[in-house]
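# Everything below, folded, please.
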Amino acid sequence: MKALLVSRGIDFPKTHDLLEIAGFLPVGIRPGASTNELAVLTSYAVEPRYPTESGEVTKKETLQALCIAGGIRQTILRRQSRKNIKTRSG
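Predicted coordinates:
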């Protein structure tokens, strides 16, 4: 999402909060991730860096996060591809 903001010339704050970052994307290009899904991914941006008593991440949690992130990535790539096609065709 940050790369998409940069490619569109949209300024955003330095943060790991994906829900906040998503809020800077124009509505038509926001990934279809839910608030809960973005919160799950945000937790992985912060918690592993600053360990607490929450314990190890399970394989199930890892696969869930990869699935969410993959879906967001695919959505952004499709939308970026459509933008490039429109730009080329005028």
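# On the pLDDT front, check the nearest residue to H16 once chain neighbours are set aside for me.
Spatial nearest neighbour of H16, excluding adjacent residues (Cβ to Cβ, 6 or more residues apart in numbering): A45 at 3.8 Å. Where C-beta positions appear, they are placed from N, C-alpha and C, glycine not excepted. Per-residue pLDDT puts A45 at 79.
# Next, the buried residues of whatever helix or strand A45 lives in.
Element membership for A45, per DSSP states H and E: helix 35-46. Buried residues in helix 35-46, counting neighbours by 16 or more other Cβ atoms under 10 Å, are found at E37, L38, V40, L41, T42, S43, Y44.
# sorry, back to before: tell me how far the residue nearest to H16 lies from G70.
A45 is 16 Å from G70, where distance means Cβ to Cβ, to the nearest Å.
# Also K60?
16 Å.
# Likewise for T42?
16 Å.
# With V57 instead?
With distances taken as Cβ to Cβ, V57 is found 17 Å from G70.
# when you compare where the helix or strand harbouring L66 runs with where helix 35-46 runs, what's the angle?
In this structure, L66 sits in helix 59-89 according to DSSP H and E. Helix 59-89 and helix 35-46 are oriented at 100 degrees to each other (axes from the mean of the first three to the mean of the last three Cα atoms, to 10 degrees).
# Residue numbering should commence at 492 henceforth.
Okay, residue one is now 492; in that scheme the one you just asked about reads as helix 550-580.
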